[in-house]
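Asker: no sequence for this one, just the structure:
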């Protein structure tokens, strides 16, 4: 799941700290390893910790939905048809990321206020609670990354641009480069943009991959 889908799934989120916990595993590269090594073993009842736990629970449910896997296959085929080379780029990874982002696009169309809620939670976050949480487990590096990424999201607010396939492609390119070390070329970007537009224009039951 992507950022807005997590927020929508937990729309009864009780605090900005809980909402920030929902975001953290996607905000910070390598967070899953830290969660498995340290955070999953913590007995904390902190709101931030509860949000993190719900993120992983929701992701597990989401990724087990057959329709999600079907859409990944369909979009991968679309990317191949657009002329992207499977031996040079991991198209299944690109498709996975794009399906999650396109679900967010669809959710914004249904619930236009969702990005406002997302950024309002980021703005109202009690930063001191983040310091206390990570300091209690001696995770200084992860704390700093979390706060840096929060600031980046507040400054760029790209979730208001989900309707823009070019912006979406640039975002996927940044994530893909962090995951693989491989940059997406301009030519590949154009082909991804065409694939996004063609795929999203198809009749798709996005409701079928919501977990709540």
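Answerer: Noted; the coordinates are in hand. Since we're looking at a predicted model, the values are computed, not measured.
Asker: for the lengthiest helix in the chain, which positions count as buried?
Answerer: Looking across the chain with DSSP state H, the single longest helix is helix 91-110. Buried residues in helix 91-110, counted by 16 or more other C-beta atoms under 10 Å: 91, 93-108. For glycine as for every other residue, the C-beta is placed from the backbone atoms N, C-alpha and C.
Asker: same deal with stretch 135-142?
Answerer: Per 16+ other C-beta under 10 Å, stretch 135-142 contains these buried residues: 137, 139, 142.
Asker: what's the closest of these to residue 68?
Answerer: residue 142 (28.2 Å; C-beta to C-beta).
Asker: correct me, but that closest one touches residue 135?
Answerer: No: counting by C-beta atoms under 8 Å, residue 142 does not reach residue 135; the two are 10.7 Å apart.
Asker: Tell me which other helices or strands the longest helix of the chain touches.
Answerer: helix 3-9, helix 66-81, helix 114-124, helix 165-180, helix 186-200 (3 or more C-beta pairs under 8 Å, 6 or more residues apart in numbering; DSSP states H and E).
Asker: That one versus helix 165-180: what angle between them?
Answerer: 140 degrees (axes from the mean of the first three to the mean of the last three C-alpha atoms, to 10 degrees).
Asker: which residues sit against helix 91-110?
Answerer: Helix 91-110 is contacted by residues 1-5, 8, 68, 71-73, 75-76, 79-80, 84, 114-115, 159, 162-163, 168, 171-172, 175-176, 179-180, 192, 195-196, 199-200, 206, 209-210 when judged by C-beta atoms under 8 Å, 6 or more residues apart in numbering.
Asker: Which of those are buried? Put it as a ChimeraX command.
Answerer: Here is the ChimeraX command that picks out the buried ones among the contacts of helix 91-110, judged by 16+ other C-beta under 10 Å:
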select :1,2,3,4,5,8,68,71,72,75,76,79,84,114,115,159,162,168,171,172,176,192,195,196,199,200,206,209,210
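Asker: Can you list the low-confidence ranges for the chain?
Answerer: 13 (pLDDT under 70).
Asker: List the buried residues for stretch 182-197?
Answerer: So, applying 16+ other C-beta under 10 Å, buried residues of stretch 182-197: 184, 188, 191, 192, 193, 194, 195, 196.
Asker: ugh, wrong one, I meant stretch 12-28
Answerer: Buried residues in stretch 12-28 (16+ other C-beta under 10 Å): 13, 15-28.
Asker: And that stretch, how far out from the chain middle?
Answerer: 12 Å (C-alpha atoms, centre = their mean, to the nearest Å).
Asker: cool, and stretch 108-123?
Answerer: On C-alpha atoms, centre = their mean, the centre of stretch 108-123 falls 14 Å from the chain's centre.
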